[in-house]
Structures are given as structure tokens and as C-alpha cells.
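Chemist: fold the following, please.
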Amino acid sequence: MNIPSLLGDGQGNYRVHVVGNCGTGKSTLSAYIATKLNVPHISLDALFWGPGWTTPSDDEFQERISAAMTQSSKGWVIDGNGSHGGILISDHTTDVIWLDPPLWLYLPRIFWRTLLRLLHVVPTCAEGCSETWGEVLSTKGIIWYCISRHGYCKHKFGEMLTHISITKGGNMRRLNEWDGDLMMWKAGLEEMLRAH
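Modeler: Numbering: from 1, shown residues only. Coordinates of the predicted model:
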């Protein structure tokens, strides 16, 4: 059976949710897909974090997500795990993509991205959320968070995959960059879009 790179809703609309541990490439892939589909790219980090790392209430976060999801009738691409907005997102999602490369492949990217943020070469994950060397190197920093969440994400999304895998009639797929899955998936998306 030939499964397309994206299922969509059957009417040419795509609502894609890209999940995975931090540093696995969610934002990069989401921006790529959104550009290809000409739909908004919605970053849950940008909706969740306020200046100085402040956070909204659950209700306010849900409202922000809901407002962002109504920007375009053609769909959207959301990146981020967004545990507080998960049900709202999953109720409307046509496709879930779990990025699951090995830790040794994406951990160096976290170091590099964090260094570039500390040097103000690239923007932080949300406006007004600067990072310091002390924070980054602490157990509350992004690097430790990435390492400590790797197993949790594998378990959480692996469990989801057993229930809603695209190979079992669901809408979720796992892509492992190291195995070449991501490259093949992108080639399939390009081919699918050329055919339409």
C-alpha cells in the first residue's frame, strides 16, 4: 500500500502537528512543510512563552492555539509537543509527524543552537526569553532538559504510535533522520505536491 507523505482531510487541506524532543528538528521541518503547503507555521513555544519566560494559564494558552489555528482555512503546521494544548490540537490534526532521531545525532545541534542564541546570532525560542550561560549549563537548562527528556519522548510518542500509526489506519508516522526516513519523506512530499 502506497501511503502519501501527508493524508490531509481529502479536500486539499492539511493540519500537521510535528512532535518530538527539543532539538530534533521540529521547527525546521515545520517551516519547510508550511512553505510547501503555503499555510501558517505555528510555533507552540512562541505561543506559550512570554517575556522573561512567563507562562499563560491553561485557558489562555488554549485560546492562543485556537486563534492561531483559525488563520487559514487551508490548514496549518504546528511544531511543539504542547502538553497543555494537546487535545485541542489532536482533535483537528490530519497528520502527526514524530521526529525520532538518535540522541547522539541531535544533541550536538542543541549545543550549537544554544551557543548561537547565547551569542545573539539567532533568535531565542520566543521573544523576550533570553538565556544565560549559567542557566544553559544548569540542570534547568535546555541541554539537560533535552538529555533528560529523550527517553520520556520515546516512550510517550512510541505509545501514541502503537495506537494511531499510519500503517494501522491512523494519522501518525515516525521519522528517523539517521535511517534516511526524513529524506525519503521529503522526496515523497515533493512528488505528492507536483502531482496535485
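Chemist: switch to C-alpha atoms for all contacts and neighbour counts from now on
Modeler: OK.
Chemist: residues in contact with the helix of greatest length in the chain: which ones?
Modeler: What stands out as the longest helix in the chain, according to DSSP state H, is helix 142-164. Under the contact criterion CA atoms under 8 Å, 6 or more residues apart in numbering, helix 142-164 has outside partners 20-23, 98, 100, 103, 107, 110-111, 114, 136-139, 170-174.
Chemist: in strands, which of these fall?
Modeler: Judged by DSSP state E, these include Trp98, Met172, Arg173, Arg174 as members of strands.
Chemist: from these, keep the buried residues only.
Modeler: When burial is judged by neighbour count using 16 or more other CA atoms under 10 Å, the buried members of the ones in strands among the contacts of helix 142-164 are Trp98, Met172, Arg173, Arg174.
Chemist: rebuild those as TSV, extending it with distance to Gly158 and pLDDT.
Modeler: Below are those laid out as TSV (distance: CA to CA, whole Å; pLDDT from 0 to 100):
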residue	distance to Gly158	pLDDT
Trp98	9	97
Met172	10	96
Arg173	10	96
Arg174	9	96
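Chemist: closest to Leu88 out of those?
Modeler: Distance to Leu88, by CA to CA, is smallest for Met172 among those, at 16.3 Å.
Chemist: is it true that that closest one touches Ser165?
Modeler: Yes - counting by CA atoms under 8 Å, Met172 does reach Ser165; the two are 4.8 Å apart.
Chemist: the longest helix of the chain - what's its average pLDDT?
Modeler: Taken as a whole, helix 142-164 has a mean pLDDT of 94.
Chemist: check the offset of it from the chain's centre.
Modeler: Mean-position distance between helix 142-164 and its chain equals 13 Å (CA atoms, centre = their mean, to the nearest Å).
Chemist: just the C-alphas of it, formatted as CSV.
Modeler: Extracted C-alpha coordinates of helix 142-164, given in CSV (Å, rounded to 0.1, in the frame of the first residue of the first chain):
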residue,chain,number,x,y,z
ILE,A,142,17.9,23.3,27.6
ILE,A,143,20.8,20.9,27.2
TRP,A,144,20.0,18.9,30.4
TYR,A,145,16.3,19.1,29.5
CYS,A,146,17.0,17.6,26.1
ILE,A,147,19.0,14.8,27.5
SER,A,148,16.6,14.0,30.3
ARG,A,149,13.5,14.1,28.1
HIS,A,150,14.9,11.8,25.4
GLY,A,151,13.6,8.6,27.0
TYR,A,152,10.4,10.2,28.0
CYS,A,153,9.6,11.3,24.5
LYS,A,154,10.5,7.9,23.0
HIS,A,155,8.1,6.3,25.4
LYS,A,156,5.3,8.9,25.1
PHE,A,157,5.3,9.1,21.3
GLY,A,158,6.1,5.4,20.8
GLU,A,159,2.9,4.6,22.9
MET,A,160,0.9,7.0,20.7
LEU,A,161,2.3,5.4,17.6
THR,A,162,1.1,2.0,18.6
HIS,A,163,-2.5,3.4,18.7
ILE,A,164,-2.6,5.8,15.8
